[in-house]
Structures are given as structure tokens and as C-alpha cells.
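Student: sequence and predicted structure, then a few things I'm wondering about:
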Amino acid sequence: MDGVARTLPRLAENTKGLGGTDGVFTPYTDYGAIQVPWLRGTLARATSLADASETIEDPDMRLGILRLTGPRLEAAMSGAMLLATWLDFLRLGEVIRQECPFYGVERLFVDLDRVQKRIEPAMTALASMDPEKVQATATAMPGLMGQLTGEFQSIQEGARLAMERGGRVVAAARFLEMITLVSALNGTLPRPPPAAPVTLSMGLVMGSGGVMMGTRIVVTAEWVERMRKLVQAGVISAPVVSAAVRIHAGQVLMSQAKQDLPKGVREALGDSPEVRAMHETGRAGAGMSSAPKHHVLPQEHREWFEKRGFKGEMDIDQFCVRLEQSHHEAIHGGGDWRLGRTWPREWNQLIMRLLKNSERATGRTLTRNEILKTVAENMKFYGIPMQFISGRKR
Amino acid sequence: MTDGRAWQGNWKARLYERVRERGYDSLTAFADARPAVPLAVLAEELGKDDVAGVQLLGGLLAEAEQRKQVTRFVRDVLVRMLSQSVPNGWPAVVDDATRFQIGKALGSWSAYIPDAYQERADQVMASLRTTPPPPGWRPLGPDDALLLTLLPDNEA
């Protein structure tokens, strides 16, 4: 998470100053710039949730809150990668405009338009924060990056040819060198025919833990360990991590391993059958299933919770669970679940009465963590799965 | 960790089946054999993943109604809530953290017992506040002497 956070300001800075002075390409640079706020916001929210989760005693509740960061983290990882790629195209365009007058501005404009159309659906899906869309997009990233790499190459090649045709052979060679130097994306680029040294500068997903060497990636033990923990906790999914690794490892690994990472790496990442099975379960509860969402902290009492610190990233919309109809009826007192006639306590009524009475008996306002602790205990007591999904309405 | 399995299938049948497997003919008999054990722990003993505490609680209440022992049930629930929140007994010094633990036990108790007992629950909470029990007080069952004075049986 830190890695992406550190890279963002740099990316934001880089979106400025591109696009020349005539404004023809401004829409394209703007497209990059408008991605920065949501990425930054997403990271900030993921961080604040992760921080909040650390103060919570109940292990299940802590994990439940930490899992909420999952889609955000996945979206931010992939989104930052896409943004970096887009910036690469902008830089490429910039170099071509300056160094390669033989390549028409109109042609470049059309090229960039095509690339943006490729990036846009993925970016939109990621920005939606919809767990399902994020997951699908993040997993499909290697394919998209492959396409983009192809685009990058063909524009680059087109520019080189245009220069050579214009009799600028020496300049063309220098131009290629420049491209490889400016690109942050070189990790995914296959070696260009005139083997220019490919330097890597991408620190996005790897953060400080990942080290790139030459065209090969060296994933440090520390990074693997960090990712493994996240995968095992069900915060992010193994396919998403392997997608990231494949992209960073570049074309070499991608072509060798097709869609999957070598077994050793998968295992190192914690992608064992047990973890996969757990993730499936997690997914069913964590928002991938179609069962309706329900607020654990009753919406009618939103204000009461707000006064006790359930605001912003920790507002009551974060604490939704998916419940099957029968289960829902059971805890909300419908169906034939009632064992005793004098047992009218459906969940909403129970939890509010319980919290308010506890507050009265304690003689003061309860803190957010005390409320979470109490809610966690009673969710278990009611057999409600501690698999939160954000229920925010967009 | 519960994953919602507690509400799948015929959970009432499951509850009684588990109790009978352990040699008891009622939920009450099963619970009585484990005095002052938190309800969540009892539910876990009956089925780690497929029995919810509230199911057991509901069942115990239904049996208490049949036996006309609801007041005893209400005391029993308080005993179990206290043993969960303050397992070492009533604290000698009530600081902010233990104040919450006690408050949570009492608040949970009053929320889980029948409506008909709300007023008496309020009185119990008020008298525990004005006259705190001796430090270390740890009722071991529904027939604890102090509890009986706070909440005597009044059933016909």
C-alpha cells in the first residue's frame, strides 16, 4: 500500500507539463490527472480502515474490517498500474511530437484515442469499487497490459519508420533510446529489436520490497511474505497478486507461464488449495454472492452511531453482510424461528436495546471500539457471518 | 468463526439431537450441568459451526416457560453474562474498562430477557449500582443468594 501511495504524487506531478502548449492533447493528460484523486482517496480509505482495524480486539471483527480494504487495495494496485501505463503513452506522444515531426499529429491523436478506449473500461471498473468488477478487471490485467504493450510498440515502431523514411536514421536510433529511458513501463515491454538497454523504474506494486533487475524481476522474500499474509487473510485474492507479479515480471514470465505463475511462486504467495477454498468461502460472504446486503448496525439509528464515531470510512454502511433469505428471516424474527412466544427479539431491536442498555449500565457513552466489540460478540451469538461488505449507495 | 451455517437445515432438530447425543433430555438439563458457563461457550460445545448461541437461549426460554421457571431462567442468563464479561468476579476497583465490562454484561442481559422482565431488570441494575456487591462476587448459578434477593421467584 505504501508503495502505491508513494508513487501517486509522482504520477500526479507527471501528468502536469505534458500535452504541449497547443492544448490538442489536453483531454488526454486530463484523463490521467482525473484518475489521481480517486486513487489517492481509495488508498487513504484503505489505510484508515486498516488503521482502525488494528485497534480492535476481537480477531474476527478485526479481520472483517481488514477484508473491507481488499477491493480498494486491488483497485488501487491495478489502477495505479494503468495510470502509469497511460502516462507512458503520453510521454511517448510527447517525445514523438518533439523528435519526430514526420509522424503526424493527427495520427498520434488517433493512436492515443484508441489506447484510451482500451484503458477506459478497466479504469472505470476499478474506480467503481464494485468488488466483482474490481476482481475481474484486476485478474484480466495481464491481458490488457499485453495489448497495451503491443500498442506501445506499434506506435513506437511507426514513429521509427516515419523517421527513417524521412532520412533520419541516426535520429531514429536516438529516439528509440529516449523512449526506453522515459518509459516507466519497460517492465512489460519485450526487448525491442535494436537491443536498447531496458531499465526499469516501476516501483508501484512492489513498493520498497520488490526489486527489479534488468528485465527480470526479483521478488523479495519480504514482499512475498506481505502478499502471502494478505492473501491468506482473504484481503486480496491470489489471482490478483499473480496478475500483478506477471505484469511486473514482464513479457518473459508471461509468455513462459501463460496464465499462471510457476507453482513455487504460487505457493510462496500462499495460493494453496486450502487458501483458495477459504477465499471462495470468503467471497461468498464478502460480496461475490448475490444474496441481498443488510446493515448490521441499523440504518434508522445512523445518527446514534455517527455520534459514537461511525463516520467516514467507518460509517455504518461499511458494516453490511450478505444473508440468504431464510437466514435473514431467522435473525429478523420472521419465519418459524421463534422458539418461545415471548421472544420477539429480532436483530435490529436486540442490538439497539443491548447497546443502549449497556451504555446506561456503564454510565457513559460507549466508544466505537466498545461498540464494535459488543456487536462482534452478538453477531457470533446470532450466527451472523463476520464478512462485511460495504453497502454504500453510489 | 461462524459462516451462517447455524441457520441452515432444521436447526431446532439439530439443537435437540446434539443435546440428546450428550445424554440430556432437555436443553435446561444440559445447561444446568454447566452452571455459570457463558451461553456462547455452551453453543460452541453443541456445534462449533452450526449452532448459534441465540438458538440455545431461545430454546432455554421456551423450556423455562413450560416449566414456569422464567425468573430462574432470567437469573441464569445474568450469571452466564457476568461470567463471560467479568470471569474473575465483581472487581474490587471499578475502572473505566471494567465499568464497560459490567455495563456490557448487564446491558446484554436486559436485552436478551423477555419484555415482561424489563422493569425488574432496571431495578436490579439500579440496585447493583447503588449497592455494589462485594468484590469478587461471582454467582455460580441461578440460586446464588444475592441474586435471589435481587430477583426472587414470583411464579405461581
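Tutor: Nice, thanks for sending it over.

Student: so residue A:321, which state does it fall into?
Tutor: strand (DSSP: H, G, I helix; E, B strand; the rest coil).

Student: give me every residue that touches it.
Tutor: When contacts are counted by Cβ atoms under 8 Å, 6 or more residues apart in numbering or on different chains, residue A:321 touches A:285, A:293, A:294, A:296, A:384, A:385, A:386, A:387, A:388, A:389. For the C-beta atoms, the positions are set from N, CA and C on the backbone; glycine is no exception.

Student: now the fourth one. Its backbone dihedrals?
Tutor: It stands for residue A:296. Per-residue torsions, residue A:296: phi -80, psi -40 (degrees, to the nearest 10).

Student: ok, residue A:295 next?
Tutor: Given degrees, to the nearest 10, the pair of backbone angles that residue A:295 has is phi -80, psi 130.

Student: okay, it and chain B: tell me how far apart.
Tutor: Computed as Cβ to the nearest Cβ, to the nearest Å, the residue A:295 to chain B distance reads 16 Å.

Student: leaving out sequence neighbours, find the closest residue to that residue.
Tutor: Across the structure, with Cβ to Cβ, 6 or more residues apart in numbering or on different chains as the measure, the residue nearest residue A:295 apart from its sequence neighbours is residue A:320 (5.5 Å).

Student: so who does residue 83 touch?
Tutor: By default, I'm working from chain A. A:11, A:32, A:35, A:36, A:39, A:123.

Student: actually, chain B is the one I wanted.
Tutor: Contact analysis of residue B:83 by Cβ under 8 Å, 6+ apart lists B:36, B:37, B:38, B:138.

Student: try it again with 6 Å
Tutor: The contact partners of residue B:83, by Cβ atoms under 6 Å, 6 or more residues apart in numbering or on different chains, come to B:36, B:38.

Student: quick check: residues of chain B near chain A?
Tutor: Residues of chain B found near chain A, taking Cβ under 6 Å from any Cβ of the partner chain as the criterion, are B:1-4, B:6-7, B:40, B:52-54, B:58-59, B:61-62, B:65, B:99-100, B:103-104, B:106-108, B:110-111, B:114, B:125.

Student: pull the residues that contact stretch A:119-133.
Tutor: Outside stretch A:119-133, the residues that reach it (Cβ under 6 Å, 6+ apart) are A:38, A:71, A:75, A:78, A:79, A:82, A:86, A:134, A:137, A:144, A:287.

Student: avg pLDDT for that stretch?
Tutor: Model confidence over stretch A:119-133 averages 83 on the pLDDT scale.

Student: how about stretch A:69-87?
Tutor: Throughout stretch A:69-87, pLDDT has a mean value of 76.

Student: next one: stretch B:148-156
Tutor: In this model, stretch B:148-156 carries a mean pLDDT of 83.

Student: follow-up on the earlier one: just the buried residues of the residues of chain B next to chain A.
Tutor: Among these, the ones that count as buried by 16 or more other Cβ atoms under 10 Å in any protein chain shown are B:2-4, B:6-7, B:40, B:52-54, B:58-59, B:61-62, B:65, B:100, B:103-104, B:106-108, B:110-111, B:114, B:125.

Student: inside strands: which ones of those?
Tutor: Helix and strand membership here follows DSSP state E; of these, not one is in strands.

Student: which residues of chain B fall in strands?
Tutor: Under DSSP E, chain B gives no strands.

Student: check chain A too.
Tutor: If DSSP E is used as the criterion, the strands of chain A fall at A:210-213, A:216-219, A:293-295, A:320-322.

Student: compare these and say which comes out lowest on pLDDT.
Tutor: Sorting the strands of chain A by mean pLDDT places strand A:210-213 lowest, at a mean of 30.

Student: picking that back up, what's the spacing between the residue nearest to residue A:295 and residue A:387?
Tutor: Computed as Cβ to Cβ, to the nearest Å, the residue A:320 to residue A:387 distance reads 10 Å.

Student: looking at these two, which is more packed in?
Tutor: Counting neighbours by other Cβ atoms under 10 Å in any protein chain shown for residue A:320 and for residue A:387 shows that residue A:387 has the greater number, 26 against 22.

Student: ok, back up a step: from the contacts of residue A:83, which two are the most distant?
Tutor: Within the contacts of residue A:83, two members stand farthest from each other by Cβ to Cβ: A:11 and A:123, at 13.4 Å.

Student: let's see the distance spanning stretch B:88-107 from one end to the other.
Tutor: Separation of the first and last residues of stretch B:88-107 by Cα to Cα, to the nearest Å is 19 Å.

Student: distance from the chain centre to that stretch, please.
Tutor: Stretch B:88-107 has its average C-alpha position 17 Å from the chain's average C-alpha position, going by Cα atoms, centre = their mean, to the nearest Å.

Student: which outside residues touch it?
Tutor: Residues from elsewhere that reach stretch B:88-107 (Cβ under 6 Å, 6+ apart): A:354, A:357-358, A:361-362, A:370, A:374, B:81-82, B:85-86, B:125, B:133, B:135-138.

Student: out of those, which are buried?
Tutor: By 16+ other Cβ under 10 Å, the contacts of stretch B:88-107 give A:354, A:357-358, A:361-362, A:370, A:374, B:81-82, B:85-86, B:125, B:133, B:137 as buried.

Student: reformat those as JSON lines; add pLDDT and distance to residue A:55.
Tutor: Output for the buried ones among the contacts of stretch B:88-107, formatted as JSON lines (pLDDT from 0 to 100; distance: Cβ to Cβ, whole Å):
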{"residue": "A:354", "pLDDT": "95", "distance to residue A:55": "22"}
{"residue": "A:357", "pLDDT": "95", "distance to residue A:55": "24"}
{"residue": "A:358", "pLDDT": "96", "distance to residue A:55": "19"}
{"residue": "A:361", "pLDDT": "93", "distance to residue A:55": "23"}
{"residue": "A:362", "pLDDT": "93", "distance to residue A:55": "19"}
{"residue": "A:370", "pLDDT": "92", "distance to residue A:55": "11"}
{"residue": "A:374", "pLDDT": "94", "distance to residue A:55": "15"}
{"residue": "B:81", "pLDDT": "96", "distance to residue A:55": "25"}
{"residue": "B:82", "pLDDT": "96", "distance to residue A:55": "26"}
{"residue": "B:85", "pLDDT": "93", "distance to residue A:55": "20"}
{"residue": "B:86", "pLDDT": "93", "distance to residue A:55": "22"}
{"residue": "B:125", "pLDDT": "94", "distance to residue A:55": "29"}
{"residue": "B:133", "pLDDT": "94", "distance to residue A:55": "32"}
{"residue": "B:137", "pLDDT": "95", "distance to residue A:55": "31"}
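
Student: closest one to residue A:310 out of those, please.
Tutor: Distance to residue A:310 across the buried ones among the contacts of stretch B:88-107 (Cβ to Cβ) is lowest for residue A:370, with 12.2 Å.

Student: residues from the stretch 51-200 of chain A in reach of chain B?
Tutor: residue A:60.

Student: got a list of what residue B:30 touches?
Tutor: In this structure, residue B:30 makes contact with B:19, B:24, judged by Cβ under 6 Å, 6+ apart.

Student: and chain B, what are its domains?
Tutor: Residue ranges of the domains in chain B are recorded as B:5-67, B:70-150, according to automatic domain parsing.

Student: quick one: mean pLDDT for the first one?
Tutor: The predicted model assigns domain B:5-67 a mean pLDDT of 93.

Student: any idea how far that domain is from the chain center?
Tutor: 12 Å.
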